[in-house]
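> Have a look; sequence and predicted model below, questions after that.
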Amino acid sequence: MPKLSPTLNLISSSLASTLRFWNGTWGKLASTAPVQTLQLFDREDDARCRLVREVLTELDLDVMIYPCPLGGKRFAKQRRKLAPKAGAVPVLHDPNTGHSISSAGPIIDYLFQHYAAQPIPARL
């Protein structure tokens with residue numbers, strides 16, 4: 001994937017946020033905070049990762065994000081250890097339960113099942 005200029009990157013990010021009605025820019029859904037901080041292995045330019053970040057923000061859940069850019073090696077071994085069958089991001093690790101989940105859909109299901117005080121909204 002070609003690297004975008006900072007201006008083009010800002011414009012595309014703003015456009016994506018506008019098209020999603022700025023969901024995920026503030027916490028607005030009721031949730032229960034986990035005792036230990038969640039861990040998300042994430043790639044900034046991935047739409048599935050963006051959706052997971054939006055849900056985490058809407059649920060107002062703290063998360064430690066481990067960036068995993070294409071070709072990045074810094075956190076690759078740790079991500080593979082938590083989700084050996086997963087080929088890509090996003091991967092969520094919950095140290096409170098010991099669960100590691102890969103792929104946006106299952107991660108969102110897990111977050112709502114364990115930390116939200118309501119069912120998953122239809123828009124997600």
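That came through fine.
> all strands of the protein, in order?
Taking DSSP state E as the criterion, the chain carries its strands at 38-42, 63-67, 91-94, 99-102.
> residue contacts, residue 59?
Residues in contact with residue 59, defined by Cβ atoms under 8 Å, 6 or more residues apart in numbering, are 27, 29, 31, 111-112, 115-116. Using the backbone N, CA and C atoms, a C-beta is placed for each residue, glycine as well.
> List just the nearest of those to residue 56.
Using Cβ to Cβ, residue 111 comes nearest to residue 56 of those, at 7.1 Å.
> Can you list the low-confidence ranges for the protein?
Within the chain, the segments meeting pLDDT under 70 span 1-6, 8-10, 12-28, 30, 86-87, 124.
> for the chain, what spans make up the helices?
With helices called from DSSP state H, the chain shows them at 6-19, 47-58, 76-82, 104-115.
> most packed of those helices?
Across the helices of the chain, averaging neighbours per residue (mean count of other Cβ atoms under 10 Å) puts helix 47-58 on top, at a mean of 19.
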